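Trainee: Predicted model and sequence below, questions to follow.
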Amino acid sequence: MIAAGVESLELGRTFSRARRRILLYAPPYGNFAANSGIAQGLESALARQGGARLMAFSLPDPAYCHWAGELFRLLRPLAGPDDMTGELLASRRYLDGLKDAFGERVELVEMPFRPSLPVVIVDDRMFFGHFARSAVLAPEGFWCAVDAPVEALLDCARAGRVPDGADCETRAAFRIAAECALALERGRRLEFHAPA
């Protein structure tokens, strides 16, 4: 499925139905916090006994990582330095709040390299968009959704091999899983900071 605008993906409802995994590879998450449907969907999935676990990637501090500032300016071309600081802080507070509420079911990881595309994975469904130098921001861009054997693809990526005998669609989905697996392997696990 290809859709114009992230709103058409109904992420709140999708999150609320998650059974095993929600992976957020699309920082910052201030817009998630501000969207009650998305925030409630995430909380619902995490609160369900035996429900989904969340792995969320954060941008490194732009003061120490040049590509983080460059990526943020690509994501928010009209934002100034104070806007960037405020939005990254709000995103981290939101993630820390989820960690505070749901403990071990939430894992926070600092991105180890500049992402190639924004990705959200919910169980065996991948949602992915694209970056562009444009005044029209990523949430309003094209977003794709595909079903894929995510766990098997992540296992293959962690083992350093392409899935044997995979068809074209599976190989295409593997590219996304491979980037997420590498980021999980190389990313720094973030310590929890209680929200201020």
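Mentor: Structure received.

Trainee: got a list of contacts for the helix ranked longest in the chain?
Mentor: Secondary structure assigned by DSSP state H gives helix 81-102 as the longest helix of the chain. Contacts to helix 81-102, defined as CB atoms under 8 Å, 6 or more residues apart in numbering, come from residues 27-30, 32-33, 42-43, 46-47, 54, 56, 58-59, 61-62, 69, 72-73, 76, 79, 106, 108, 192-196. (C-beta placed from N, C-alpha, C; glycine too.)

Trainee: and those, which are buried?
Mentor: Buried by 16 or more other CB atoms under 10 Å: 27-30, 32-33, 42-43, 46, 54, 56, 58-59, 62, 69, 72-73, 106, 108, out of the contacts of helix 81-102.

Trainee: Alpha carbons only: can I get the helix or strand of the chain with the lowest mean pLDDT in CSV?
Mentor: Lowest mean confidence among the helices and strands of the chain (mean pLDDT, DSSP states H and E): helix 30-34, at a mean of 85. The C-alpha coordinates for helix 30-34 follow below in CSV (Å, rounded to 0.1, in the frame of the first residue of the first chain):
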residue,chain,number,x,y,z
GLY,A,30,6.9,15.0,19.6
ASN,A,31,4.2,14.6,17.0
PHE,A,32,3.4,11.1,18.4
ALA,A,33,3.0,12.6,21.9
ALA,A,34,0.8,15.4,20.6
